[in-house]
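S.K.: okay, predicted coordinates and the sequence, questions at the end:
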Amino acid sequence: MKILLVDDSKTMRNIQKGILAQLGMSEVQEACDGLDALSKVGAYEPDLLLVDWNMPNMDGLSFVRKYRSMGRHTPIIMVTTEAEKARVIEAIKAGVNNYVVKPFTPDGLAERIKETMSRQAA
Amino acid sequence: MDSSYIMPFIKSVQKVFETMLQLPVMVGTPAITKGGEPAYDISGIIAMSGDVEGTVVLSFPTAVAERAVALFTGAELAHTHEDFPDAVGELVNMITGNAKAQFAGRRVNISCPSVVIGQSHQVFGRKDVVCILLPCSSDVGEFAVEVALRLPAVEASVSSQTGQANA
């Protein structure tokens, strides 16, 4: 399974890559913001995206709206410090399939990934 | 500053360090600081805007920051390593983001973090905003979170009501 990690923090991308590796998911590409992600989704065709919200150049919410407007239905998990209920609703309306609030435990993120992919498969 | 805006930061710093570093943190008695005191070596700084405005500064002595970043990233990074500021920035980002989620009914935006590395530097905020120091202690050493906030909407409302009362 191909995963695109979109986060401006290399530290967070590395932490998430470690968790994905433990789940047997090692085919990962990285993007440092929404614009970078948009430039990569066409060629990479990911099966799952993990997207941060607050990023320079293009934030995660703008990216999700743009990505969905391109007719793409690949599942997206927002992984962010934005924890307010209103923000979660805003993200889901934009097309996010699942939501993980930082800080998270490895088990918490792994559970959301499994949940998202099993929903997708159903 | 209303203490209900300080408690979220106390809870948040403990939650972030416990969850991401498996490091329990004790937060001492909050104190009002004068700008630029005390001095530290490494600071992650983030700005808040919207219904709450201000800055949050996470500051460490170098050795403490290096030990904290090692626990966070799983790698020994010297403070001169190119990835070191990113890790410090992400810590202050999580602390601030998690705290602002506890500001009931207020919409607050946060900036991307900045990180300053330099021995015994001082961070100064706006002179008209009270800065609260949260002294933190942990098994890797002592560090601090400084919170300087103002509520522009509330202040404008109070100012307007005072104006009406005085009219």
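M.R.: Good, I have the coordinates. Residues are numbered from 1 along each chain as shown, chains lettered A, B, ... in the order given.
S.K.: quick one: pLDDT of the closest residue to residue A:96 other than its chain neighbours?
M.R.: Leaving aside its chain neighbours, residue A:96 sits nearest to residue A:78 (4.6 Å; criterion: CB to CB, 6 or more residues apart in numbering or on different chains). C-betas here are computed from N, CA, C, even on glycine. Among the per-residue scores, residue A:78 shows a pLDDT of 98.
S.K.: sheet partners, orientation included, of the helix or strand hosting residue A:78?
M.R.: In this structure, residue A:78 is located in strand A:76-80 according to DSSP states H and E. The pairing partners recorded for strand A:76-80 under DSSP bridges are strand A:48-51 (parallel), strand A:98-101 (parallel).
S.K.: and the last one, average pLDDT?
M.R.: Mean per-residue pLDDT for strand A:98-101: 97.
S.K.: the one residue in chain A that gets nearest to chain B and residue B:28, how far apart?
M.R.: Residue nearest to chain B within chain A: residue A:81 (2.4 Å; CB to the nearest CB). To residue B:28, residue A:81 is 25 Å away according to CB to CB, to the nearest Å.
S.K.: before we move on, what about residue B:65?
M.R.: 19 Å.
S.K.: who's more crowded, the two?
M.R.: Set residue B:65 next to residue B:28 and count neighbours by other CB atoms under 10 Å in any protein chain shown: residue B:65 wins out with 28 against 13.
S.K.: before we move on, the earlier item: how far does the strand holding residue A:78 sit from the chain's center?
M.R.: The chain centre lies 4 Å from the centre of strand A:76-80; the measure is CA atoms, centre = their mean, to the nearest Å.
S.K.: related to what we said a few turns ago, so the residue of chain A closest to chain B sits against residue A:87, correct?
M.R.: No - using CB atoms under 8 Å, residue A:81 is not in contact with residue A:87; the gap is 9.8 Å.
S.K.: find the residues that touch each one of those two.
M.R.: residue A:53 (CB atoms under 8 Å, 6 or more residues apart in numbering or on different chains).
S.K.: so which of the two has more stuff around it?
M.R.: residue A:81 (24 against 20).
S.K.: can you pull the contacts of the more buried one?
M.R.: Residue A:81 sits next to A:53-54, A:101-102, B:93-94, B:96-98, B:101, B:110 when contact means CB under 8 Å, 6+ apart.
S.K.: circling back to that earlier point, out of the strands paired with strand A:76-80, flag the one nearest residue B:76.
M.R.: Each of the strands paired with strand A:76-80 has some distance to residue B:76 by CB to CB; the shortest is strand A:48-51, at 26.1 Å.
S.K.: tell me what residue B:33 is bridged to.
M.R.: Counting by DSSP bridges, the residues bridging with residue B:33 are residue B:131.
S.K.: Three-state assignment for residue A:12, please.
M.R.: Classification of residue A:12 using DSSP: H, G, I helix; E, B strand; the rest coil returns helix.
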